[in-house]
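Engineer: Dropping a prediction and its sequence here:
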Amino acid sequence: MNEGKNSYKVLARRFRPTDFDDVVGQPEVLASLRTSLEQGRLPHALLFAGSRGVGKTTTARIIARAVNCEVTPGPSPCGTCAACKSILEGSASDVVELDAASNNGVEEVRALREQAGYAPIRLRKKVFILDEVHMFSRAAFNALLKILEEPPAHVLFVLATTEAHKIPDTVRSRCQVLPFRRIGAGDIEGRLAAICEREGVQASAEVLAEIAAASMGGLRDAETALERVLPLAQELDLAAYRRLVGRLGPTRAAELVATCLAGDTKAALHYSREAVETGVDERECLGEILEVLRLVLLLHVDGEDSMLFEATGSWRERLLELTRASSLETIDAMMQLLVLARDRIRHLDDRRILLELTLVRMARIGSVQTLGELLAAAPLVESEGRVESEGHVVSAGSATASHARSAASATTNSPSTASPSTTSQPSPPAMGLSATGSPSTGSPPTRGNRSADPWVATVERALTERERLGNLLSAATLDWKSDAELRLEFGALKTIDRALVTSEKSKSWIESALSDAAGRRVAIEVVTAAASKSKKPSASAGATGAGASGDAQQGARRPRGNVDPDELPGLGRKAMELFDVRHVERTDEAADA
């Protein structure tokens, strides 16, 4: 086999920058390093933090040459001396590159510390480049701390990571942190054009721009993508490139967004089919659409002259058209839908289903009402639908369906709970109901209450204004003595509930609400069942005297009257409900005791 073919190097290695002037997209970092080298103030430990393919390891190697160059040490190493050549070839024993992802244990760090203690063999300084240093274990980080803080004078540490948040603060505080940003699409496109020129290949500017945009700020990713199309670059147009790499591209994604804004679900499904037939990964397909929506979002928020992204010519005009045809709320909803879909799609085997469902939902977003629109269109008065309960027709519009049914059933006497004298006579035709249970034609107006039945309206009002009282009224049995007198009967209640329904304040509120709903004065009487109190039997006959003594002591604490629970603070009402007790006023004698 040909030796030249065996020694072929990929573009990312052949065109790796060899000095600071070749590094693109990091002006702030390079300016800081140049100044430090010129003034001789380079720290003994540097931490490079940034995403993949932005030049962290490349810059670390340039620094190793800069501090060890035999001809021009400083920010511009010669590249021709023995030290520079050995570092470029990777044969310098005094420049140690350690992959922390596979050498992340404390034993590797101990070996590194021991190696750092020896003087350099050929070069001026020993340089340790620790790549992906965030992969170190906790013990390895702890073992590194001491030598990182006070290394020998001949040692320089350069740490590189793509996840700076995983680096312990104890390590960060011992290093000078230099953040590497993502490289702009324009810088990447210029670098790719320079590579094509040096390779003697004429590539389409549209293809290079597409590669630069798809690399997400990583120059190495862009160079890898260029190498794939370089042999065919002269014959490749933009459409052919997209078919080759399995992408539909941002222009096609913008067309989809336009059809979704128009509500065309058919076009959305055709886009899904096109993506599947082209071989586009479903998650990447959603990502392309999401990126277009992001640009539209930026235009919505920052204005049509936004400089938050790079877009010119017909592409920017296309984005402006989408901005004018949409609202910020619609774009926001579409982006949230795509973000959720991209998260869920990785867990599915058949991704096409979720892709189609997501695109259809995007196309239907314009026809779906928002919560604010639904609330604005909701009528102030409940619907006039009516339900039948125990032979009586009552309004079905209540705060909740369960409370309405309870209140409606309470408009008639319950044979199982009413007394014989109550069940022997029918209720009078009052309060909007006839004797047969049908609505009375001569009933007074309800004054805008939700329900046509005054008692149901009273219960609904109680549920809104005094929820606890409303729940109790929903379970009450009604006994009409006359048109202007109503008897409310309750079963066995807790002490706090019994005190609530029998208080004068509650009775006054119920009479006022019921009279307001009926249009006439109605008096109420509240009757509650006697609470059954269990008495513990005496343990022996001799306990009788003790019981008498206890009764005497209880007499000394006889209350002067119950206290209205509504007059108590929230904590007092909570204690009454929790322990099932009453709050009473004690006599002066008991208080003195």
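Structural biologist: Here it is on my side, so go on.

Engineer: ok, and what's touching stretch 290-307?
Structural biologist: Defining contact as Cβ atoms under 8 Å, 6 or more residues apart in numbering, one finds that stretch 290-307 is touched by 250, 253-254, 257, 308-309, 311, 319-320, 322-323, 326, 328, 331-332, 334-335, 338-339, 342. For the C-beta atoms, the positions are set from N, CA and C on the backbone; glycine is no exception.

Engineer: out of the residues you listed, which are inside strands?
Structural biologist: Residues of those located in strands (DSSP state E): none.

Engineer: Just the buried subset of these, please.
Structural biologist: By neighbour count, with 16 or more other Cβ atoms under 10 Å, the contacts of stretch 290-307 hold 250, 253-254, 257, 311, 319, 322-323, 326, 331, 334-335, 338, 342 as buried.

Engineer: Dump those into TSV; add pLDDT and distance to Ala214 as well.
Structural biologist: Converted to TSV, the buried ones among the contacts of stretch 290-307 look like this (pLDDT from 0 to 100; distance: Cβ to Cβ, whole Å):
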residue	pLDDT	distance to Ala214
Pro250	84	9
Ala253	91	12
Ala254	91	15
Val257	95	18
Ala311	74	15
Leu319	92	17
Leu322	94	20
Thr323	94	23
Ser326	92	25
Ile331	94	22
Met334	94	21
Met335	94	20
Leu338	94	18
Arg342	93	16
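
Engineer: Mind checking which of these are in helices?
Structural biologist: Within these, residues falling in helices by DSSP state H are Pro250, Ala253, Ala254, Val257, Leu319, Leu322, Thr323, Ile331, Met334, Met335, Leu338, Arg342.

Engineer: and which of those residues is nearest Gly279?
Structural biologist: The closest of those to Gly279 turns out to be Ala253 (Cβ to Cβ; 16.2 Å).

Engineer: Could I get the contacting residues of that closest one?
Structural biologist: By Cβ under 8 Å, 6+ apart, the residues touching Ala253 are Glu288, Ile289, Glu291, Val292.

Engineer: Also Cys69?
Structural biologist: By Cβ under 8 Å, 6+ apart, the contact list for Cys69 reads Pro77, Cys78, Cys81, Ala83, Cys84.

Engineer: could you dump stretch 224-240 to CSV, C-alpha only?
Structural biologist: The C-alpha coordinates for stretch 224-240 follow below in CSV (Å, rounded to 0.1, in the frame of the first residue of the first chain):
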residue,chain,number,x,y,z
THR,A,224,-14.5,17.4,10.0
ALA,A,225,-17.6,18.2,8.0
LEU,A,226,-15.6,19.9,5.3
GLU,A,227,-13.3,16.9,5.0
ARG,A,228,-16.3,14.7,4.2
VAL,A,229,-17.3,16.9,1.2
LEU,A,230,-13.9,18.1,0.1
PRO,A,231,-13.4,15.4,-2.6
LEU,A,232,-16.8,16.3,-4.1
ALA,A,233,-16.7,20.0,-3.3
GLN,A,234,-16.5,21.3,-6.9
GLU,A,235,-19.5,19.3,-7.9
LEU,A,236,-21.6,20.0,-4.8
ASP,A,237,-24.3,22.6,-4.6
LEU,A,238,-26.3,23.4,-1.4
ALA,A,239,-29.1,20.9,-2.2
ALA,A,240,-26.6,18.1,-3.0
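
Engineer: Which single one of the ones in helices among the buried ones among the contacts of stretch 290-307 is nearest to Leu478?
Structural biologist: Looking at those and their distance to Leu478, the nearest is Met334, at 54.5 Å (Cβ to Cβ).

Engineer: What is the burial count for Ala116?
Structural biologist: Around Ala116 there are 17 other residues, counting by other Cβ atoms under 10 Å.

Engineer: On the pLDDT front, check it for me.
Structural biologist: Ala116 is assigned 92 on the pLDDT scale.

Engineer: With Gln554 instead?
Structural biologist: As predicted, Gln554 sits at a pLDDT of 43.

Engineer: got it, and the one 4 residues further on?
Structural biologist: Confidence per residue is given as pLDDT, and for Arg558 that number is 40.

Engineer: Could you pull out the buried residues of stretch 362-370?
Structural biologist: By 16+ other Cβ under 10 Å, the buried positions in stretch 362-370 come out as Met362, Ala363, Ile365.

Engineer: Spell out, range by range, the strands that occur in this structure.
Structural biologist: Assigned by DSSP E, the strands in the chain fall at 45-49, 95-99, 126-131, 155-161, 176-179, 386-389, 392-395, 477-482, 485-490, 523-528.

Engineer: neighbouring strands for the second one, and are they parallel or not?
Structural biologist: So the one you mean is strand 95-99. strand 126-131 (parallel) (DSSP bridges).

Engineer: what comes into contact with the partner strand?
Structural biologist: Residues from elsewhere that reach strand 126-131 (Cβ under 8 Å, 6+ apart): 56-57, 60-61, 63-64, 67-68, 94-101, 112, 115-116, 119-120, 154-160.

Engineer: swap the cut-off to 7 Å and go again
Structural biologist: Under the criterion Cβ atoms under 7 Å, 6 or more residues apart in numbering, residues 57, 60, 64, 94-100, 112, 116, 120, 154-160 lie in contact with strand 126-131.

Engineer: can you give me the angle that strand makes with strand 45-49?
Structural biologist: Strand 126-131 runs at 20 degrees relative to strand 45-49, counting by axes from the mean of the first three to the mean of the last three Cα atoms, to 10 degrees.

Engineer: for Ser272, what are its contacts?
Structural biologist: Contact partners of Ser272, counting by Cβ under 7 Å, 6+ apart, are Arg352, Leu355, Glu356, Leu359.

Engineer: ok, the second one touching Asp281?
Structural biologist: No - look at Leu355 against Asp281 with Cβ atoms under 7 Å: they stay out of range, at 10.1 Å.

Engineer: Who has more neighbours out of the two?
Structural biologist: Remark: of Leu355 and Asp281, Leu355 carries more neighbours, 25 against 13, as counted by other Cβ under 10 Å.

Engineer: Excluding covalently adjacent residues, which one is nearest to the more buried one?
Structural biologist: Once flanking residues are discounted, Leu355 sits nearest to Glu282: 4.6 Å by Cβ to Cβ, 6 or more residues apart in numbering.
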